[in-house]
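Asks: I would like to see how this sequence folds:
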Amino acid sequence: MSTLRIAVVGLWHLGCVTAASLAAAGYRVVGIDADADAVERLRDGHAPLSEPGLDDLLARQQAEGRLVVSASPAAARDVDIVWITHDVPVDAEGRTELGALFDDAETVIRHAPDAALFISAQVPVGTSEQLAAHCGLPLAAVVYIPENLRLGQALARFARPDVTVIGASDPVTAELARTVLAPFSPDPISCDLRSAEMAKHAINTFLATSISLANELGDIAAAIGADAHVIARVMRADTRIGPGARVVPGPPFAGGTLARDVAALAALGRRTGVPTRVVDAVAEVNDARIGSLVDLLGGQMSFHDARVALIGLVYTSGTDTLRHAPGLRMAEHLRREGADVIGYDPALVEGVERRRLLSGHLRLVPTALRAAHGADAVVILRPDAAAGLDPVTLADAMRAGGVDASQRTAGVVFDVWAVFEPEPVVDVGLVHLVPGRRPAGLGTPGVGVLRGPGTPASPSKAVGGAA
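Replies: Numbering: from 1, shown residues only. Below is the predicted model of the structure:
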């Protein structure tokens, strides 16, 4: 077991994953958070949000004595490293609020004045220098290590990151960080503090740009009768773009992470006098995306007194977080247009608090099939949430409440991620609506089933699992 002792400060998603993973690697870890209630839940092995494997890892590391959690900053006494992992809040404009992070870091450092200060919280460029000054530390003691987690895959990403960056002004402190991270990343990229901070902005803004561009390309493709999903396949085959590129149209980017770095770069541009025309456009396209999707659905139906089912509400698979979730924003738009909105998400079946939060937006039901019952439109916002559904089952459920192919407007399956092929949906008398394709089916005069070149008709494609 390593003799290094590390205090992880800020026990939300990043902090819990960091603390548990470091403890599992053999370090002696104390996790510190000012929220005493959250600390009590963590002592029982309950992370503040759902993440596969995290509760078990937290409980196991505490039981084996490698991890201690505390609400007292004094628990950091004599640690070698203070690692800042706050979930930094942002305001309505995406501006980062750093007050709590600075206060907590200063309080903890008082008990560990000789410790190195590692920062992985998502912060604007220049924060590492400001925090060192605020805490009375030499800049040589500070390291910035950008987090690169993904909700639902966080433990695996921490254990095997695509890239690890160590930003430091002092080679001795940088080597300490390299030693700590050796079990996870044997070949990190070393650079100065500001480049490390800027790299996080750059990665997230690049991803955000690809999403906004894909959404605009999809709108153009649908307008001219092309298929954006075929186009995406061609783009990914180009090695300059790559197989993992997000080039398929869909919802806006969400969850706060990408939006925060887009806002941070725009703010840097304003502060330095550098125009950020591309960055500003990325944010503008994304802000309008939910409205565009609602308009796309509205082209197939009237929302007045209509029932719309939203399948998949949380931000991403494997978690239960609703922060900036597209499903909630879409529900708000639909309700303003007069629709009755029903929702389902497998991550929200349990939990009174989640249901209470949703109550102001939509009515939550316990299965996807229940949500589809009697719906005029079913919107699939996440494929995993629609597990087990198929076009025949959907059509039967929707018609159970009166939707009928003989009516002026057929039921609509708004298949945001193209879970189904068009033909099976059309064959059961429903309209198949996918971003980046022209609608297919009843209610769309003159529009037949559209398939990409070389793509044969295929039978109903269920997503797997049970509804």
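Asks: now the nearest residue to residue 137 once chain neighbours are set aside, what's its secondary structure?
Replies: Residue nearest to residue 137 in three dimensions, not counting chain neighbours: residue 117, with 5.8 Å by Cβ to Cβ, 6 or more residues apart in numbering. (C-beta placed from N, C-alpha, C; glycine too.) Here residue 117 is recorded as strand under DSSP: H, G, I helix; E, B strand; the rest coil.
Asks: show me what contacts residue 184?
Replies: With contact taken as Cβ atoms under 8 Å, 6 or more residues apart in numbering, residue 184 is in contact with 21, 25, 158, 159, 160, 161, 164.
Asks: filter the residues you listed down to the buried ones.
Replies: Buried subset of the contacts of residue 184 (neighbour count, 16 or more other Cβ atoms under 10 Å): 21, 25, 158, 161, 164.
Asks: which residues touch the fourth one?
Replies: Read it as residue 161. 148, 184, 185.
Asks: the last one: what's it in contact with?
Replies: Put plainly, it is residue 185. 161, 164.
Asks: got it, and residue 104?
Replies: 9, 10, 32, 34, 73, 84, 86.
Asks: picking that back up, now the contacts of residue 161 as a markdown table including distance to residue 98 and pLDDT?
Replies: Below are those laid out as a markdown table (distance: Cβ to Cβ, whole Å; pLDDT from 0 to 100):
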| residue | distance to residue 98 | pLDDT |
| --- | --- | --- |
| 148 | 21 | 84 |
| 184 | 27 | 96 |
| 185 | 27 | 92 |
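Asks: of those residues, which is the nearest to residue 265?
Replies: Nearest to residue 265, judged by Cβ to Cβ, of the contacts of residue 161 is residue 148 at 17.6 Å.
Asks: was I right about that closest one contacting residue 156?
Replies: No: with contacts counted by Cβ atoms under 8 Å, residue 148 stays clear of residue 156, the gap being 11.4 Å.
Asks: who has more neighbours out of these two?
Replies: residue 148 (18 against 13; other Cβ atoms under 10 Å).
Asks: look up phi and psi at the more buried one.
Replies: Residue 148 adopts backbone torsions of phi -140, psi 40, taken as degrees, to the nearest 10.
Asks: so for the longest helix along the chain, what gets flagged as buried?
Replies: Looking only at the chain and at elements set by DSSP state H, the helix with the highest residue count is helix 193-224. By 16+ other Cβ under 10 Å, the buried positions in helix 193-224 come out as 193-194, 196-201, 203-205, 207-215, 217-219, 221-222.
Asks: return the closest of the buried ones among the contacts of residue 184 with respect to residue 238.
Replies: residue 161 (25.7 Å).
Asks: a helix runs through that closest one, doesn't it?
Replies: No: secondary structure of residue 161 (three-state DSSP): coil, not part of a helix.
Asks: how close does it sit to residue 7?
Replies: Plainly put, residue 161 is 22 Å away from residue 7 if you go by Cβ to Cβ, to the nearest Å.
Asks: verify the stated contact: residue 22 with residue 8.
Replies: Yes: when contacts are counted by Cβ under 8 Å, residue 22 is listed as touching residue 8 (7.1 Å).
Asks: who has more neighbours, the two?
Replies: Shown here are residue 22 and residue 8; by other Cβ under 10 Å, residue 8 has more neighbours (32 against 27).
Asks: which residues sit in contact with that one?
Replies: Taking Cβ under 8 Å, 6+ apart as the test, what residue 8 contacts is 15, 18, 19, 22, 29, 30, 31, 32, 83, 85.
Asks: among these, which lie within helices?
Replies: Per DSSP H, the contacts of residue 8 map to helices at 15, 18, 19, 22.
Asks: still on that earlier bit, ok, of the contacts of residue 161, which one's closest to residue 365?
Replies: residue 148 (35.8 Å).
Asks: for that closest one, give its distance to residue 24.
Replies: Here residue 148 is placed at a distance of 18 Å from residue 24 (Cβ to Cβ).
Asks: which is the next helix or strand following the longest helix of the chain?
Replies: helix 228-237 (DSSP states H and E).
Asks: quick one: average pLDDT of that next one?
Replies: If you average the pLDDT over helix 228-237, you get 97.
Asks: what are the buried residues along it?
Replies: So for helix 228-237, counting by 16+ other Cβ under 10 Å, buried means 228, 229, 230, 231, 232, 235, 236.
Asks: and the fourth one, how far is that from residue 395?
Replies: Meaning residue 231. To residue 395, residue 231 is 29 Å away according to Cβ to Cβ.
Asks: just residue 416 next, same as before
Replies: 18 Å.
Asks: pull up the distance across stretch 251-259, start to finish.
Replies: For stretch 251-259, the first and last residues are 14 Å from each other (Cα to Cα, to the nearest Å).
Asks: contacts for that stretch next, please.
Replies: 90, 94, 122, 151, 204-205, 207-208, 211-212, 215, 283, 286-287, 289-290, 293, 315-316, 321, 323-326, 381, 416.
Asks: also stretch 30-43?
Replies: With Cβ under 8 Å, 6+ apart, stretch 30-43 has contacts from 5-12, 15-16, 19, 48, 58, 62, 67-73, 75-76, 79, 100, 104, 108.
Asks: equivalent analysis for stretch 326-341, please.
Replies: Residues outside stretch 326-341 that contact it (Cβ under 8 Å, 6+ apart): 251-252, 254, 290-291, 293-294, 298, 303-310, 312-315, 322, 343, 345, 358, 361-363, 379, 381.
Asks: give me the buried subset of the residues you listed.
Replies: So, by 16+ other Cβ under 10 Å, the buried ones in these are 251-252, 254, 290, 293-294, 298, 303, 306-310, 312-315, 322, 343, 345, 358, 361-363, 379, 381.
Asks: so which of the residues you listed are in helices?
Replies: 290, 293, 294, 298, 358.
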